[in-house]
Structures are given as structure tokens and as C-alpha cells.
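no sequence for this one, just the structure:
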């Protein structure tokens, strides 16, 4: 079945550590890719998106993601995390066969220790 | 500023009750979505609407129905609530043109006892 996989469900890091959250998808054609973040008690908001052009995408709050087509991956990175990055992160994919819809990964809960 | 609002943040209902969850968006978006969010399962699509009075089943439509009488409003209905419908319900909207970025409401945490 077509799906979106996030490799880690829970990640715990200390402040200033580097972050990489994995996301892989199984669609073969053209895709639009998203990372959303949900801070405690808040609604989901867009962190960054890729739909064409430079495969290295920069988002808000120092996050970036790299689209590697050959690996069907869209990993999220941040060089130095802060306590305020504690949140749940969701990868989402739009593929042609899904029309206007997004398929979401299961989410990764990040806890940053101060 | 983009806005999606949901009628309640928290709701407690009894088994067998009919439950209405309402969502309103002010962005003139054609597409609206209802998801449920459960720990470890991510967001699962319940129903999708691409226009007024149009709807399409998502991945988990059983036990739910929807209504879209106006472009800005999309309602989720639990005909007879059950305890396994205790969850966080999220509404979202998007335009009909790509890349189909979705905008989310704050969510309704529904508890069915």
C-alpha cells in the first residue's frame, strides 16, 4: 500500500544537539512534500514544503528539509535544537494519484531537554 | 491571516448520542477535510469535500457522516457515538490548485463515555 513512513516515533535530544527526522514515501511519480509541526496544545502548522526547484528547502525557525528523489525521502533537519522545538512533527505527501489529498506519516514526538 | 475554526475544543458525550462537530474556514477554499488524530497513528482521513454538497470517503469513514451546505462550513456527524470514537478531530482546508497545502483548525478533543 502507498504510505508515508516516519522512522522514529519518539526522539529525545539535549539543547544544541542536531536533529534529523526521517521521512520516506512510496509514490513513484511527482510529489509535493510537507512537514507540519504541532506544539503542545496548539494546532498543526506548516513548517516547510517542497513542490519544485531546489531540493533543499528552508522553513521557519531554522528548519530545513532535503528532497532526495532517488531515495524517496524528505528528511527534516535542524543544526541546533532548542527547548521550544519540543513538539510532534508530521511528514505529509501529495501524489498525483491522490488528487487534492495529503497522506500523513504517523508522527515523531520530539522532546528537547534543557 | 488564514483561519480555520472548530466549534468546540473539548466535548464529552455519552455512548449512543448524536454528535455534531463543526468547522468553518474564511479562506474561500474549495477543499475541506476531517481527520482523526490518535497517538502513534498520525492523521487519518475520515471524509473529504471538494465542493458544496460534494463529499468523498476517506480511509476510515465507518460510523461518521458529513455535511457541506455552504462553502465555508463542513460538519462531521457521529450518528451514534461509541467509545472507540474518543479521539482528537481535526478539520483542514485547502485550495483546489496544487501543491495542496492544508490549513488546520485547533482540533476538538472528543471523549465518549
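On my side now, so go ahead. Model, not experiment: these values are computed from the prediction.

going forward, measure contacts between C-alpha atoms and count neighbours the same way
OK.

Tell me how many other residues surround residue A:83.
Neighbour count for residue A:83, taken as other Cα atoms under 10 Å in any protein chain shown: 15.

Residue A:45 now?
18.

who touches it in this structure?
Residues near residue A:45 by Cα atoms under 8 Å, 6 or more residues apart in numbering or on different chains: A:36-38, B:103-104.

if we take those residues, which one ends up nearest to residue B:75?
For the contacts of residue A:45, the residue nearest residue B:75 by Cα to Cα is residue B:104; the value is 14.5 Å.

Just give the nearest non-adjacent residue to that closest one, would you?
With Cα to Cα, 6 or more residues apart in numbering or on different chains as the criterion, residue B:104 has its nearest non-adjacent residue at 4.3 Å, and that residue is residue B:92.

Could you pull up the residues touching that neighbour?
Contacts for residue B:92 (Cα under 8 Å, 6+ apart) come out as B:4, B:32-34, B:102-105.

and what of residue B:41?
Contact analysis of residue B:41 by Cα under 8 Å, 6+ apart lists A:105-107.

shaky segments in the chain?
All of this is about chain A. A:1-2 (pLDDT under 70).

ah, I was thinking of chain B
Along chain B, the parts satisfying pLDDT under 70 run over B:1-2.

which parts of it sit against chain A?
Residues of chain B found near chain A (Cα under 8 Å from any Cα of the partner chain) are B:31, B:40-44, B:96-101, B:103-107.

In strands, which of these fall?
B:31, B:42-44, B:103-104 (DSSP state E).

Farthest pair within those residues?
Spatial extent of these (Cα to Cα) is set by the pair B:31 and B:42 at 20.4 Å.

Could you check which of the two has the larger neighbour count?
Set side by side, residue B:31 and residue B:42 show more neighbours around residue B:31, with 25 against 21, by other Cα under 10 Å.

ok, now which ones touch the more buried one?
Contact analysis of residue B:31 by Cα under 8 Å, 6+ apart lists A:100, B:48-51, B:93-96.

do residue A:102 as well
By Cα under 8 Å, 6+ apart, the contact set of residue A:102 is A:92-95, B:100.

Among those, which one lies nearest to residue B:26?
Among these, residue B:100 lies closest to residue B:26 (Cα to Cα), at 16.6 Å.

State the distance from the closest one to residue A:32.
From residue B:100 across to residue A:32, the span is 8 Å (Cα to Cα, to the nearest Å).

in stretch A:42-52, what counts as buried?
For stretch A:42-52, the neighbour count (16 or more other Cα atoms under 10 Å in any protein chain shown) marks A:43-51 as buried.

Let me have those in JSON lines, extended by secondary structure.
Listed next are these as JSON lines, based on DSSP: H, G, I helix; E, B strand; the rest coil:
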{"residue": "A:43", "secondary structure": "coil"}
{"residue": "A:44", "secondary structure": "coil"}
{"residue": "A:45", "secondary structure": "strand"}
{"residue": "A:46", "secondary structure": "strand"}
{"residue": "A:47", "secondary structure": "strand"}
{"residue": "A:48", "secondary structure": "strand"}
{"residue": "A:49", "secondary structure": "strand"}
{"residue": "A:50", "secondary structure": "strand"}
{"residue": "A:51", "secondary structure": "coil"}
